[in-house]
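Participant: Please find the sequence and the predicted model below.
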Amino acid sequence: MTLFDLLELDFVQTALIAAAVLGLVAGVLGPFIVTRKMAFAVHGTSELAFTGGAAALLLGIGVGYGALAGSIIAAVLLGVLSRRESDRDSVIGAILAFGLGMGILMLALYKGRSANKFGLLTGQIVGVDSTDLKLLVVSSVAVLAVLAFIYRPLFFASVDPDVAVSRGVPVRGLSIVFAVLVGVATALSVQVVGALLVLALMITPAAAAMRITASPLRATVLSVVFAEVAAVGGILLSLQPGLPVSALVTAVSFVIYLVCRGVGAVQRRSG
C-alpha cells in the first residue's frame, strides 16, 4: 500500500487527529514546564499514568481513563508533598519508583495481549479509537480553557515567584492547578509515545523553541509548531515502513532540538 492509501484508513486518520490535538496541548504547556523546571516532574507523572493504565488493563476498563486518573493523582501528590523547593526531586523520585513498581506488578497480573502491555511503555496511537479520541479532545479543551483562565498569574509566578508572592498571587494554588494540567496532558501523551518517552512531546519542543527566542509568545507558537511536526510527522514517517511511532516521534523531536541549538548558538555569536 502507498502512503496515500494508508492515509485513507479510518484508524490512521484518527491517529493523526489525536496527534495534532496532543501536539497543541503539549506545545502550549511546554514553555511553562521548562520555565518552572518541571521536566523531572513530567517523567514522574508519566510513571503514575503508566500505573493507572496498567490498573485499567487489569480491571478491563479504558486505558485512557486509568492513565488520566493515575496522572492526576501523581500531580496532586507532587503538589501537596513538595511544599519546599528542596523536597521536589526527592518526592518525585519516590513517586516515580512507586508508580513504576506498581505498574510492573499490575502488568504481571494481566493475562491479556502482550501488545497492550508494551503499548503502555512505548505508545500505541494507532490503537486509539473514537471513544479514546473523544476523551482526548474533551480533556485537551478543558486543559487549554483552564490554562487560558490562569495564564497571566501563572506566567508571573513562573518568571518571578518571590515577587508574585509579595504581590498576593496564590503561587501555591497555581502550582497545584498547573501540576494537574500537566498530569492530564502527560496521560494523553502516553498514548502516543508511551510512559518511557513522554518527554519527547512535553519537553523537547519547548526546550528547542526557547533556544532560539526569548519571547514568551514566540516560544509558545514555535513550541506548538515543533510538537505538531514531531507528533504528526512521526506518524507519517512510520506508516509505510511499519516502524514504531514513538521512536520516530522522539527522533523528529530530537532533530528539531539539535537544529535549534545550532541556530541559537549562531544567534548568540552574531548578537
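Facilitator: Yep, it's here.
Participant: And what about G103, helix, strand or coil?
Facilitator: Following DSSP: H, G, I helix; E, B strand; the rest coil, G103 is assigned to helix.
Participant: ok, now how distant is V137 from Y65?
Facilitator: Distance, V137 to Y65, using C-beta to C-beta, to the nearest Å: 15 Å. To be clear about C-beta, it is placed using only N, CA and C from the backbone, and glycine gets the same treatment.
Participant: Sorry, slip of the keys, the one I care about is S140.
Facilitator: S140 is 15 Å from Y65, where distance means C-beta to C-beta.
Participant: same check, this time on G112
Facilitator: Counting by C-beta to C-beta, the gap from G112 to Y65 is 17 Å.
Participant: what about V137 and Y65, which has more around it?
Facilitator: Y65 (18 against 14; other C-beta atoms under 10 Å).
Participant: Quick check: closest non-adjacent residue to P161.
Facilitator: V171 (5.4 Å; C-beta to C-beta, 6 or more residues apart in numbering).
Participant: Could you tell me which residues make contact with the one you found?
Facilitator: Counting by C-beta atoms under 8 Å, 6 or more residues apart in numbering, V171 touches A157, P161, A164, V165.
Participant: Would you mind checking which helix or strand in the protein has the lowest mean pLDDT?
Facilitator: Within the chain, confidence by mean pLDDT, DSSP states H and E is lowest for helix 114-122 among all helices and strands, at a mean of 59.
Participant: Show me what the host helix or strand of A247 is packed up against.
Facilitator: Element membership of A247, judged by DSSP states H and E, is helix 245-270. Contacts defined by 3 or more C-beta pairs under 8 Å, 6 or more residues apart in numbering; DSSP states H and E place helix 245-270 against helix 171-193, helix 199-202, helix 204-212, helix 216-239.
Participant: could the ones you listed go into TSV alongside mean pLDDT and distance to L81?
Facilitator: Converted to TSV, the helices and strands packed on helix 245-270 look like this (pLDDT from 0 to 100; distance: least, C-beta to C-beta, whole Å):
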stretch	mean pLDDT	distance to L81
helix 171-193	81	11
helix 199-202	82	21
helix 204-212	94	25
helix 216-239	92	29
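Participant: Look at L59 and say how many residues are nearby.
Facilitator: As a burial measure, L59 scores 12 neighbours (other C-beta under 10 Å).
Participant: pLDDT at it, what is it?
Facilitator: On pLDDT, L59 comes in at 84.
Participant: just I104 next, same as before
Facilitator: 83.
Participant: Quick one: neighbours of it, just the number.
Facilitator: Neighbours of I104 under the rule other C-beta under 10 Å: 14.
Participant: now swap in V42 and tell me
Facilitator: 25.
Participant: From A157, how far out is it?
Facilitator: Taking C-beta to C-beta as the measure, V42 falls 18 Å from A157.
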